[in-house]
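1. got a sequence here, can you build the structure:
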Amino acid sequence: MTRLSVNINKIATLRNSRGGQTPSVLDAAINCEKFGAEGITVHPRPDERHITRQDVYDIKPHITTEFNIEGYPSEDFIKLVTDVKATQATLVPDQPGQLTSDHGWDTIKHHDFLVDVIARLKAEGIRTSIFVDPDVHIIEAAAKIGADRIELYTEPYATMYPEDPDKAIAPFIKAAELARQLNLGINAGHDLSLKNLKFLIDKIPYIDEVSIGHALISDALYLGLKNTIHEYLDCIRP
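-> Residues are numbered from 1 along each chain as shown. Okay, the predicted model is just below:
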C-alpha cells in the first residue's frame, strides 16, 4: 500500500516570510501525523530559506512515523541526517540556491560519489532513495550503486497529464516496472496533486511512497489540513 509523506517546506516558507514561529513547523508536523499522514518530509537547503537545520532537530523527537530528509548530500547534510537518525535520506542533485528540484541524478556519471554517500548512510541504518528521471539506464545504475529506493521525478508527468494522461504516465510505468525487477523500492514526488495522483497510483499501484508538499499545503488553505490529508489518502487507497 502506498504511503503518504507530507512535505512541510511550504509551512516554513510562510513562517520565514514574517519571522517568528507562526505558523509552527513543529505543530504542522505533529498535526499531519495526527490527521493520518504516514510520513513527514523536509528539504533543508543550504540557505535555510524554508526548513532550517534547527527545524530538523526540533521535529525528530516529536514524530513517530517516517522522517524523510531530502537534500544534496553535502557533508553538512550527511551529518544532519545521521545526527537525527532519519528513516530515509532522499538524495537530490540540487545546486545551492536552486528554487526547486527540477531533474534527477545522473547515476552513471556520479557513480563513485553516490556509492560512497549511500554506504555511509546505510552504515547508520538510514534507508536511501535516489531522485531520478524515468530513464531505464539511470535506474539500472541506481541499483548498482546500492540505493534502497528511487524517487521518480514526476513533474513531466504532472505537466503532460491534463493533455494526455496515458502518454504522460507511459515512461513512468516502464521505469517503475524495471525498478521493481531490480528490487528497488519506488517513491514518487514533485507536482503531484489531487488532480493527477489517483491516476498515477491506479497505473503504478506498487509505489511505496509519495511525497507531496506544494499542492497539498496549497489545498489546505481552502480545505483545511485534516480534510486535505484525508482527500490525498483517498487518492492512494485501493
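
2. can you show me the CA trace of stretch 182-191 as CSV?
-> The C-alpha coordinates for stretch 182-191 follow below in CSV (Å, rounded to 0.1, in the frame of the first residue of the first chain):
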residue,chain,number,x,y,z
LEU,A,182,15.8,-4.8,-9.8
ASN,A,183,14.4,-5.0,-6.3
LEU,A,184,14.4,-1.2,-5.8
GLY,A,185,11.7,0.4,-3.8
ILE,A,186,9.7,3.1,-5.6
ASN,A,187,8.9,6.6,-4.3
ALA,A,188,7.4,9.4,-6.4
GLY,A,189,7.2,13.1,-6.0
HIS,A,190,7.0,16.6,-7.5
ASP,A,191,3.9,18.4,-8.7
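
3. any residues touching it, and which ones?
-> For stretch 182-191, the surrounding residues in contact (Cβ atoms under 8 Å, 6 or more residues apart in numbering) are 7, 41, 90, 100-101, 129, 139-140, 142-143, 147-155, 157-159, 172, 176, 179-180, 200, 204, 206-212, 214-215. In this view, the C-beta of every residue, glycine as well, is placed from N, C-alpha and C.

4. mind checking which of the residues you listed are in strands?
-> In this view, the contacts of stretch 182-191 that belong to strands under DSSP state E are 7, 41, 90, 129, 149-153, 209-212.

5. look up the pLDDT of H111 for me, please.
-> Looking at H111, its pLDDT is 95.

6. now the phi/psi pair for it, please.
-> Main-chain torsions, H111, degrees, to the nearest 10: phi -50, psi -60.

7. buried ones among the contacts of stretch 182-191?
-> 7, 41, 90, 101, 129, 139-140, 142-143, 147-155, 157-158, 172, 176, 179, 200, 204, 207-212, 214-215 (16 or more other Cβ atoms under 10 Å).

8. for the protein, just list every one of the helices.
-> Taking DSSP state H to define them, one finds helices in the chain at 9-18, 25-34, 53-59, 75-84, 111-123, 136-144, 155-160, 165-181, 197-203, 214-223, 225-236.

9. mean confidence for the longest one?
-> If I follow you right, that is helix 165-181. 98.

10. one more: the last one?
-> The predicted model gives helix 225-236 an average pLDDT of 98.

11. what is that helix packed up against?
-> Using 3 or more Cβ pairs under 8 Å, 6 or more residues apart in numbering; DSSP states H and E, the elements in contact with helix 225-236 are strand 3-7, helix 25-34, helix 197-203, helix 214-223.
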